[in-house]
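> Got a sequence here, can you model it:
(one chain, ligands or ions: 2)
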Amino acid sequence: MARLAPLNRIQGGAVLRVGTRSAADGLRTTGRALAAALFPPRCAACGRPGAALCQPCLATATRLPHPQCRQCTRPLTYGDQCARCRLEQRRIDHLYVPYAYTPPILQAVHRFKYANKRYLAADLATLAMSALPSNLQVDVVIPVPLAASRERQRGYNQGRLLAAEVARHLDCPLDGNVLIRLRDTPPQTSLPRARRLDNVRGAFRALRKLSGTRILLVDDVTTTGATLEAATRALRRRGAAWVGALALARTPEERSDVPPNPSDLLL
Ligand SMILES: [Zn+2]
Ligand SMILES: [Zn+2]
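Ligands and ions are numbered 1, 2, ... in the order given. Below is the predicted model:
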């Protein structure tokens, strides 16, 4: 089964093909292999050279348990959608997250985000993709954009680096231009869950029609999925047929199959 739908389903705008097997791709692969040989990444948890996280440290990482809500990945006892996501009328089709945002994943993400270790993107993307089903079909991979001011400050968008690696693995186009962030928002971690959807509501806009397109959003870490939900709504407004999202890790939080207090919800 082909993973890649015809490009003509993606209407207008520039689509950067990163998955095609070309001489340039071969060179990039060789360049990556050379860089990895000369400057092997070190394990973020124990410092051993070889990978972003060595096998013994990775073995201590906490995988998110199943069964879980398909829209927010929180544990469930039955069904595939938790009460909160149902009440919030979430539009995201599927959120894929393999790990809890706790050590050693937390250390690896911190090095990637704040210590300018861009080369960790390949290893972290591989870890993130362990949450994807093997038969997933998407037309385009889209990174969750940072606000322009935040990206200038950091010098790069770590979500975009991860998304590029994911697109390469899926042999699928990457489009880093279609989705824009209209305003910066306070960090989600500083807000209670009930305020997070409101915090990011209307923060994104898709710049062209996406009729019939199956989209995979990529970000590094998610908390409640509120940012991914806001991005999903922007893509849906332009006709996206299916929107899934992939993140490497999710911050630990309360169980969500407990019926929420209605006064906590923004309906
Ligand atoms: Zn280690
Ligand atoms: Zn849920």
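> all helices of the chain, in order?
23-38, 55-58, 83-87, 105-114, 121-128, 148-154, 158-170, 193-200, 226-237 (DSSP state H).
> Which positions in the stretch 1-150 of the chain make contact with ligand 2?
C69, Q71, C72, C82, C85 (C-beta under 5 Å from the ion). Placement of C-beta: from N, CA and C, glycine included.
> I'd like to know which of those residues is nearest to ligand 1.
Nearest to ligand 1, judged by C-beta to the ion, of these is C72 at 29.9 Å.
> Got the confidence number for the closest one?
At C72, the model reports a pLDDT of 95.
> do A234 as well
The model's pLDDT for A234 equals 97.
> wait, it sits on A206?
Yes - assessed by C-beta atoms under 8 Å, A234 is found in contact with A206 at 4.9 Å.
> list the residues that contact both of these two?
When contacts are counted by C-beta atoms under 8 Å, 6 or more residues apart in numbering, A234 and A206 have L179 as shared neighbours.
> quick one: low-confidence parts of the stretch 1-150 of the chain?
1-29, 31-38 (pLDDT under 70).
> okay if I get the helices of the chain as TSV plus mean neighbour count?
Converted to TSV, the helices of the chain look like this (neighbours: other C-beta atoms under 10 Å):
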stretch	mean neighbour count
helix 23-38	11
helix 55-58	15
helix 83-87	18
helix 105-114	20
helix 121-128	21
helix 148-154	12
helix 158-170	23
helix 193-200	19
helix 226-237	23
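> gap between the residue lying closest to L127 once chain neighbours are set aside and ligand 2?
Among residues not flanking L127 along the chain, L248 sits closest, at 6.1 Å (C-beta to C-beta, 6 or more residues apart in numbering). Applying C-beta to the ion, to the nearest Å, the value for L248 to ligand 2 is 19 Å.
> count of residues packed around L248?
26 (other C-beta atoms under 10 Å).
> Ends of stretch 112-120, what's the gap?
6 Å (C-alpha to C-alpha, to the nearest Å).
> swap that for stretch 124-132, sorry
End residues of stretch 124-132 are separated by 14 Å (C-alpha to C-alpha).
> L182 against G202, yeah?
Yes - counting by C-beta under 8 Å, L182 does reach G202; the two are 7.2 Å apart.
> Go through the residues of the stretch 1-150 of the chain next to ligand 2 and name the one nearest L210.
Nearest to L210, judged by C-beta to C-beta, of these is Q71 at 19.7 Å.
> ok, the closest one - how many residues close by?
25.
> need the contact list for it.
So Q71 contacts Q81, C82, C85, R90, I92, D93, H94, L95, G225 (C-beta under 8 Å, 6+ apart).
> measure the residue nearest to the second one when sequence neighbours are not counted to R233 for me?
Read that as C82. The shortest distance from C82 to any non-neighbouring residue, by C-beta to C-beta, 6+ apart, is to C69 (3.9 Å). Computed as C-beta to C-beta, to the nearest Å, the C69 to R233 distance reads 18 Å.
> cool, and H66?
26 Å.
> swap in R90?
Separation of R90 from R233 (C-beta to C-beta) stands at 9 Å.
> Equivalent analysis for E88, please.
11 Å.
> what residues are up against Y96?
T73, A128, A131, L132, G244, A245, L246, A247.
> try it again with 6 Å
A131, L132, L246 (C-beta atoms under 6 Å, 6 or more residues apart in numbering).
> And T227, by the same measure?
By C-beta under 6 Å, 6+ apart, the neighbours of T227 are V200.
> Can you check the pLDDT for it?
T227 is given a pLDDT of 91.
> got it, and R168?
97.
> so how many other residues sit close to the spatially closest residue to R154 that is not a sequence neighbour?
Leaving aside its sequence neighbours, R154 sits nearest to L146 (C-beta to C-beta, 6+ apart; 7.4 Å). Residues contacting L146 under the criterion other C-beta under 10 Å number 19.
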